[in-house]
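> The following comprises the amino acid sequence and a computationally predicted model.
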There are 2 protein chains.
Amino acid sequence: MDTSPLRLHDYWRSSASFRVRIALNLKGVPYQSVPVDLLSGAQRRPAYRGINPQGLVPALEVAGATIGQSLAIIDWLDHAYPQPPLLPADPLERARAMSSALLIACDIHPINNLRVLRWLKDDLRVGEAERLRWVAHWIDAGLAVLESQTGGGPFLAGDLPGLPDICLVPQLYNARRWDVCLDFYPALLAIEARCLAIPAFAEAHPDRLPDAAIL
Amino acid sequence: MDTSPLRLHDYWRSSASFRVRIALNLKGVPYQSVPVDLLSGAQRRPAYRGINPQGLVPALEVAGATIGQSLAIIDWLDHAYPQPPLLPADPLERARAMSSALLIACDIHPINNLRVLRWLKDDLRVGEAERLRWVAHWIDAGLAVLESQTGGGPFLAGDLPGLPDICLVPQLYNARRWDVCLDFYPALLAIEARCLAIPAFAEAHPDRLPDAAIL
């Protein structure tokens, strides 16, 4: 078996990268973080497109191959390192957990991604106030549903932190970055606090990454 | 075991619903389609929010529970009805297949979703030409990468149609609906043609649904 560490092409403030860092930490898998500076456009340069043709972070290099898309990386990790599992074993509970994760990963995050906000600004000349309202609208639409579905368990899908929590914590970080009011989501904030008390989550936080210090 | 048929809350032209119809057909699982008329806003009414709080289609009612998010539904189906599998067994091939599916499901489809296009039109007053350019931009960004990754196999992830093909075929249907030029994607079009020659895909096609006839 290849024993070289996994290489994560990473950007400290990318919430999709943040998800993968949490998952790697929960699995206890050592990895090397390779920063890709999204603000300077490093993700669009040929050197990086050779690693991930989509030109997005994260991407995980593993056994000579590269996996793009954070949820595909996490699915791979969950198969390669089964403990602790990131999804419930019960089929319906698993489906609900995946649904919560995908609500964030499909219906909130990509619409508010850097490249989309840049298109709004540079191509459609949408002003800052309306861009902020755009971001808040899609975040609120998703978080309101998630808040209504919290079941009183300590985490989104029960007694253990898993895939939906791995998506939630970076999404809340992202929401604060855009000054979105989170007062309507007390149950989600309580889950976030429980997650961030776990080293696997806390150590993956953007503010803990070396790049964070330079801005 | 509950033997009542699965109920799919469905909209003929929704590409996420189209995905689930294909998956149900590939698995040979009978289901009842319950139309939700997105154009009249039925998905936002309390009756439907009681079924799927997110107010989106598709949603699958199964054993007294409802699963939202097309990829969560398909994941549930793939566990409940393992044959034929919708993802490769090899971990890296599985990861690549999931990555292709998520490229469509996260990075193309949600940005061009009905609710986002409505926000562009009604809230940001973005004109039709610019909305069409928006749609084409995100579709092209994703399809160009997928085209470059086709490996000469008959389907996106090898010898059998699976999750990425289930996402591709509806996305191409959606692209044509918005008059996006597909000439640059001959390998994807060849895969689409192979898929649509399979009854499970053909019979799930929007044009085959009863609602299609009334428009």
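Structure received. Numbers count the residues shown, from 1 in each chain, chains lettered A, B, ... in the order given.

> Tell me the buried residues in the lengthiest helix in chain A?
As assigned by DSSP state H, the longest helix anywhere in chain A is helix A:128-149. Within helix A:128-149, the residues that count as buried by 16 or more other CB atoms under 10 Å in any protein chain shown are A:131, A:134-143, A:145-147, A:149. Using the backbone N, CA and C atoms, a C-beta is placed for each residue, glycine as well.

> Can you verify my assumption that A:Ser15 contacts A:Arg176?
No - if you go by CB atoms under 8 Å, A:Ser15 and A:Arg176 don't touch, sitting 11.2 Å apart.

> The two: which is more packed in?
Using other CB atoms under 10 Å in any protein chain shown as the criterion, A:Ser15 and A:Arg176 rank with A:Ser15 on top: 24 against 10.

> roughly how far apart are the more buried one and chain B?
A:Ser15 is 12 Å from chain B, where distance means CB to the nearest CB, to the nearest Å.

> ok, that residue - contacts?
Going by CB atoms under 8 Å, 6 or more residues apart in numbering or on different chains, A:Ser15 touches A:His109, A:Pro170, A:Gln171, A:Tyr173, A:Asn174.

> any chance of these in TSV, plus secondary structure and distance to chain B?
Below are the contacts of A:Ser15 laid out as TSV (DSSP: H, G, I helix; E, B strand; the rest coil; distance: CB to the nearest CB, whole Å):
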residue	secondary structure	distance to chain B
A:His109	helix	8
A:Pro170	helix	14
A:Gln171	helix	13
A:Tyr173	helix	18
A:Asn174	helix	15
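
> Let me know the closest of those to A:Ile191.
Ranked by distance to A:Ile191 (CB to CB), the contacts of A:Ser15 are led by A:Gln171 at 11.7 Å.

> Could you find the closest non-adjacent residue to the closest one?
A:Ile104 (5.0 Å; CB to CB, 6 or more residues apart in numbering or on different chains).

> hmm, which helix or strand of chain A has the shakiest average pLDDT?
Sorting the helices and strands of chain A by mean pLDDT, DSSP states H and E puts helix A:46-49 at the bottom, at a mean of 90.

> from the chain's centre, how far out does it sit?
Offset of helix A:46-49 from its chain centre (CA atoms, centre = their mean, to the nearest Å): 22 Å.

> mean confidence score for whatever helix or strand the residue nearest to A:Gln171 lives in?
A:Ile104 is located in helix A:91-107, with elements delineated by DSSP states H and E. Mean pLDDT, computed over helix A:91-107, is 96.

> Which residues belonging to that helix are considered buried?
Buried residues in helix A:91-107 (16+ other CB under 10 Å): A:91-92, A:94-107.

> other SSEs contacting it?
Using 3 or more CB pairs under 8 Å, 6 or more residues apart in numbering or on different chains; DSSP states H and E, the elements in contact with helix A:91-107 are helix A:70-80, helix A:128-149, helix A:163-177, strand B:65-68, helix B:70-80, helix B:91-107.

> Could you list the residues in contact with the longest helix of chain A?
If you take CB under 8 Å, 6+ apart as the criterion, helix A:128-149 is touched by A:96, A:100, A:103-104, A:107-108, A:111-112, A:117, A:120-121, A:126, A:156, A:168, A:171, A:174-175, A:178-182, A:184-188, B:53-54, B:119, B:123-124.

> Show me which of those residues are buried.
Neighbour-count burial (16+ other CB under 10 Å) applied to the contacts of helix A:128-149 gives A:96, A:100, A:103-104, A:107-108, A:111-112, A:117, A:120, A:126, A:156, A:168, A:171, A:174-175, A:180, A:182, A:185, A:188, B:53-54, B:119, B:124.

> quick one, domains of chain A?
Chain A breaks down by automatic domain parsing into domains covering A:6-84+A:202-214, A:91-198.

> Check the ones you listed for me: which has the lowest mean pLDDT.
Mean pLDDT is lowest for domain A:6-84+A:202-214 out of these, coming in at a mean of 92.

> picking up where we left off before, output the domains of chain A as JSON lines; include the columns distance to B:Arg44.
Shown next, in JSON lines, are the domains of chain A (distance: least, CB to CB, whole Å):
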{"stretch": "domain A:6-84+A:202-214", "distance to B:Arg44": "27"}
{"stretch": "domain A:91-198", "distance to B:Arg44": "11"}
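
> So what touches the helix or strand containing A:Ala190?
Per DSSP H and E: A:Ala190 is located in helix A:186-196. By CB under 8 Å, 6+ apart, the surrounding residues in contact with helix A:186-196 are A:143, A:146-147, A:150, A:154-156, A:161, A:165, A:168-169, A:172, A:182, A:201-202, A:205.

> try 10 Å this time
For helix A:186-196, contacts defined as CB atoms under 10 Å, 6 or more residues apart in numbering or on different chains pick out A:22, A:143-144, A:146-156, A:161, A:164-166, A:168-169, A:171-173, A:175, A:182-183, A:185, A:201-202, A:204-205.
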